[in-house]
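Novice: I'll drop the sequence and a predicted model, then ask my questions.
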Amino acid sequence: KRLTDTHIAQPSIGAVSSGFLDFAQRLGVQPDMTAGHSYGEYTALYAAGVLSREDFFMLSETRGRVMAQAQASDNDAGTMAAIYLPREQVEARLANHDDVVIANHNAPQQTVISGATAAVKQLVAEFEREGVTALMLPVSGAYHSRLMASAQEPLAKAIRKVKAARPSLPVYGNSTAAPYE
């Protein structure tokens, strides 16, 4: 149950990710490039040598803590749902819902929405009535939405403390799908 707490989950995911990376390296497996979505991008930067192990874990803990604080600071931490429709169709439906945003575009037929709990649940119910598969996600907050906005400055402050190294291999950004410079 504690692992569902964002403050615990983020560094725990980092510990597992770094453990798998260490194991792969012991087996002689080396990546040709790295990429990651959302928090996974931190792991990608760590795997490419941009972040030291110490900075990777410091940022993991900070990110988890400030996101948990953002959730706790609002009466509604929000939620997320997967909608099995193309992004464009979901975007059109969100035009009248300024409290819900597209959080992820996972596949051509899967778009994740994030926002105020009541609004997300309403949209899920509407999609289901229309025969569209729409699933509430078991998350503790509205990640990738403005409900996480208060986490931005404390996380940016922590990031500014990090001395980033040049990547040892290409790292593809999750918002551009292009390698970082």
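Specialist: Cool, the structure landed. Numbers count the residues shown, from 1 in each chain.
Novice: name the helices or strands packed onto the helix or strand containing A24?
Specialist: Using DSSP states H and E, A24 maps to helix 6-26. Judged by 3 or more Cβ pairs under 8 Å, 6 or more residues apart in numbering; DSSP states H and E, helix 6-26 is in contact with helix 40-47, helix 53-72. C-beta here means a position set from N, CA and C on the backbone, and glycine is covered the same way.
Novice: rerun that using 6 Å as the cut-off
Specialist: helix 53-72 (3 or more Cβ pairs under 6 Å, 6 or more residues apart in numbering; DSSP states H and E).
Novice: Can you give me the buried ones in the helix it packs on?
Specialist: Residues of helix 53-72 classed as buried by neighbour count (16 or more other Cβ atoms under 10 Å): 55-68, 70-71.
Novice: ok, so of those residues, who is nearest H37?
Specialist: The shortest approach to H37 among the buried residues of helix 53-72 belongs to R63, at 14.0 Å (Cβ to Cβ).
Novice: Kindly provide the distance from that closest one to S73.
Specialist: With distances taken as Cβ to Cβ, to the nearest Å, R63 is found 16 Å from S73.
Novice: ditto for A156
Specialist: In terms of Cβ to Cβ, A156 sits 17 Å off from S73.
Novice: what distance separates the helix or strand hosting A82 from the centre of its chain?
Specialist: In the assignment (DSSP H and E), A82 maps to strand 79-83. Counting by Cα atoms, centre = their mean, to the nearest Å, strand 79-83 is centred 13 Å from the centre of its parent chain.
Novice: same deal with stretch 69-82?
Specialist: 14 Å.
Novice: what residues does it touch?
Specialist: With contacts defined as Cβ atoms under 6 Å, 6 or more residues apart in numbering, stretch 69-82 is touched by 103, 110, 112-117, 120, 124, 134-137, 139, 141-142, 147-148, 150-151.
Novice: quick one on the thing from earlier: who are the packing partners of the helix or strand following the helix holding A24?
Specialist: Downstream of helix 6-26, the first helix or strand assigned by DSSP H and E is strand 34-35. Judged by 3+ Cβ pairs under 6 Å, 6+ apart, strand 34-35 is in contact with helix 40-47.
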